[in-house]
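*Asks:* This is the structure alone, sequence omitted:
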């Protein structure tokens with residue numbers, strides 16, 4: 001299987017993690033199969049840090065598997081989410097923001113709203129198909145995971 005299990009808190013690095021919700025193993029939400037029974041299942045449980053109280057999922061699935069070339073979720077398909085992103089862009093603009101870097105920019109919906117207000121906007125998303133589609137629509141998107149190197153490039 002392509003996952004690891006964190007044994008320390010994502011926020012404070014404490015090892016004081018205790019399970020607060022344990023669910024049956026689950027398939028990945030965006031990984032669709034054509035034959036029943038062929039899908040991998042992964043542990044799904046939630047832990048809470050005894051030091052800082054942060055609640056988190058300790059299972060870390062390989063991001064290359066999660067954000068493949070054929071990543072199916074597109075934020076622009078939901079009218080409610082499109083409106084939320086339009087409102088967010090307006091709030092950023094009204095607060096004086098004129099440049100935006102959207103990490104996990106998906107299909108570039110937020111980038112498009114920002115650009116329509118005259119802001120400079122660039123996205124970073126590991127789903128190469130979505131990144132290419134966003135760039136083709138004029139929303140410059142770097143097809144990569146966000147790293148220190150990508151930050152320097154931007």
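*Replies:* Thanks, I have the structure now. Predicted model only: the values in this text are computed from it and were never measured. Residues are numbered from 1 along each chain as shown.

*Asks:* Quick one: neighbours of residue 126, just the number.
*Replies:* 19 (other CB atoms under 10 Å). Backbone N, C-alpha and C define where each C-beta goes, glycine included.

*Asks:* Let me fix that, I meant to ask about residue 65.
*Replies:* Neighbour tally, residue 65, other CB under 10 Å: 14.

*Asks:* now swap in residue 44 and tell me
*Replies:* By the measure other CB under 10 Å, the count of residues near residue 44 is 14.

*Asks:* now do residue 20
*Replies:* Neighbours of residue 20 (other CB under 10 Å): 10.

*Asks:* so how far is residue 84 from it?
*Replies:* The spacing between residue 20 and residue 84, counted by CB to CB, to the nearest Å, is 29 Å.

*Asks:* measure residue 9 to residue 68 for me?
*Replies:* 29 Å.

*Asks:* Please apply the same query to residue 45.
*Replies:* 25 Å.

*Asks:* now residue 131
*Replies:* For residue 131, the distance to residue 68 (CB to CB) stands at 12 Å.

*Asks:* who has more neighbours, the two?
*Replies:* Applying other CB under 10 Å to residue 131 and residue 68 shows that residue 131 carries more neighbours, namely 26 against 15.

*Asks:* OK, contacts around residue 126?
*Replies:* Taking CB atoms under 8 Å, 6 or more residues apart in numbering, we find residue 126 in contact with 63, 64, 67, 143, 144, 145.

*Asks:* Give me the nearest residue to the residue nearest the centre of the chain, chain neighbours excluded.
*Replies:* The centroid of the chain falls nearest to residue 104 when counting by CA atoms, centre = their mean (4.9 Å). Nearest residue to residue 104 in three dimensions, chain neighbours excluded: residue 125, at 6.0 Å (CB to CB, 6 or more residues apart in numbering).
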